[in-house]
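> how would this look folded up:
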Amino acid sequence: MTYPPLTLLAAASLLAVACSPEAGEPQEENAPAGAIAADEAGGDRSTIPDKFHGQWDVAGGNCAPGSEMQLEIAGDTIIYYESVGDVRSVATVDPYAVEVTLTMAGEGESWERVERLRWLDAGRTLMTGEGENQGEEILREHCQ
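Just a heads-up that it's a prediction; the model follows:
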């Protein structure tokens with residue numbers, strides 16, 4: 001039996017719709033490049049995701065040792081010019097950002113800080129700032 005091409009096209013379309021994931025289901029293979037993976041997203045974590053790791057300096061900086069605006073991000077610490085933050089928790093904000101709660105120490109003092117890290121431009125730049133709508137945001141470039 002032969003079927004008209006339009007009938008075959010309609011049947012193929014219905015099959016494709018029936019087999020596609022429902023709205024709201026995670027679609028990791030379709031996630032934008034650089035998005036926090038489904039296994040990293042949601043809830044609190046105890047380490048900063050790998051994509052944020054490395055040395056970062058203020059945009060236009062030269063990444064020279066001793067730069068006052070340089071910071072180094074690892075899984076369990078963020079090292080600033082004159083202080084060190086130990087990670088207490090990491091919360092995913094959206095597919096490109098996390099909020100890191102830190103116990104800070106430097107120059108003989110200790111305090112708490114919430115640092116928001118937002119990954120931009122496929123990892124070439126990073127926006128940092130103290131929590132949501134708090135403090136100054138700083139655009140940083142990844143040091144090579």
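> quick one: the helices in this structure, in order.
Listed in chain order, the helices of the chain (DSSP state H) span 5-19.
> show me the strands in it, by range?
44-45, 54-58, 71-73, 77-79, 84-94, 97-106, 109-120, 125-130, 134-142 (DSSP state E).
> Pro65: which of these is closest?
Between Pro65 and the strands of the chain, the shortest separation by Cβ to Cβ is 9.8 Å, and it involves strand 54-58. Every C-beta, even on glycine, is put in place using the N, C-alpha and C of the backbone.
> give me the buried positions along that closest one.
For strand 54-58, the buried set under the neighbour-count rule, 16 or more other Cβ atoms under 10 Å, comprises 55-58.
> just those residues now: which is nearest Ala122?
Trp56 (14.7 Å).
> show me the contacts for that closest one.
By Cβ atoms under 8 Å, 6 or more residues apart in numbering, the contact set of Trp56 is 70-73, 126, 128, 140-143.
> give me the buried entries from the residues you listed.
Using 16+ other Cβ under 10 Å, the buried ones in the contacts of Trp56 are 70-71, 73, 126, 128, 140-142.
> coming back round to it: just put the strands of the chain in a markdown table and tack on distance to Pro65.
Listed next are the strands of the chain as a markdown table, based on distance: least, Cβ to Cβ, whole Å:
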| stretch | distance to Pro65 |
| --- | --- |
| strand 44-45 | 30 |
| strand 54-58 | 10 |
| strand 71-73 | 11 |
| strand 77-79 | 12 |
| strand 84-94 | 17 |
| strand 97-106 | 18 |
| strand 109-120 | 22 |
| strand 125-130 | 19 |
| strand 134-142 | 16 |
